[in-house]
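Asks: Here's my sequence, what's the structure:
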Amino acid sequence: MSDYVFAYGTLQAGLAPTKIARVAAKLRPVGEGFVRGVLYDLGGYPGAVADPSEKGRIIGTVMELPEDEGLLARLDAYEGFDPRAPETSEYIRERQVVEMKTGETVECWFYRYNRKPRDADRVESGEWGI
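Replies: Numbers count the residues shown, from 1 in each chain. The predicted structure is shown next:
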């Protein structure tokens, strides 16, 4: 059975920095979709907080994870998620239902920003990197 991650920032094709580019290249794009919530511009990367009560959308790409046991751990390290200490992690990896452009839904791993956004600007379009 396939497992998926919802990429709304630097894990998307063409946006990955050198330090994660080889790992990101192993992710297979399935299609565009969105999660209800707020997307923040944190400078060189975004942070997203899913919230079904929000009108805004976090737009991104559903990516299929390859069968590579270490890949998810490498993504966690890149995203600043420590499963042994989620409360101090910059991001939390959690499950979210993503609505695809086609109307179907897919359950994906989602990296939720785990800090207060402070002075970060909201990305009103919901799409980072454009």
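
Asks: CA atoms for contacts and neighbours, from now on please.
Replies: Noted.

Asks: Number of residues surrounding R84?
Replies: 8 (other C-alpha atoms under 10 Å).

Asks: now the closest residue to L71 other than its chain neighbours: how far from T61?
Replies: Among residues not flanking L71 along the chain, V23 sits closest, at 7.1 Å (C-alpha to C-alpha, 6 or more residues apart in numbering). Using C-alpha to C-alpha, to the nearest Å, V23 is found at 16 Å from T61.

Asks: of the two, who's got more company?
Replies: Each of V23 and T61 has its neighbours counted (other C-alpha under 10 Å); T61 has more, 23 against 16.

Asks: returning to that earlier point: just list the residues touching the residue nearest to L71, thanks.
Replies: 71, 74-75 (C-alpha atoms under 8 Å, 6 or more residues apart in numbering).

Asks: any idea where the helices of this structure begin and end?
Replies: 18-24, 71-79 (DSSP state H).

Asks: Tell me which of those lies nearest to L65.
Replies: Relative to L65, the nearest member of the helices of the chain by C-alpha to C-alpha is helix 71-79, separated by 8.0 Å.

Asks: Point out the other elements, helices or strands, that the closest one touches.
Replies: helix 18-24 (3 or more C-alpha pairs under 8 Å, 6 or more residues apart in numbering; DSSP states H and E).

Asks: to the chain's geometric centre, what's the distance from the helix it packs on?
Replies: Taking C-alpha atoms, centre = their mean, to the nearest Å, one finds helix 18-24 lying 15 Å from the centre of the chain it belongs to.

Asks: Could you give the average pLDDT over it?
Replies: Helix 18-24 comes out with an average pLDDT of 94.

Asks: Same question for stretch 55-75.
Replies: On average, stretch 55-75 scores 94.

Asks: Start and end of that stretch, how far apart?
Replies: 29 Å.

Asks: quick one, longest strand in the chain?
Replies: strand 28-41 (DSSP state E).

Asks: So which elements touch that one?
Replies: Using 3+ C-alpha pairs under 8 Å, 6+ apart: strand 28-41 touches strand 46-50, strand 57-64, strand 91-100, strand 121-122.

Asks: give the contact list for R74.
Replies: Counting by C-alpha under 8 Å, 6+ apart, R74 has contacts V23.
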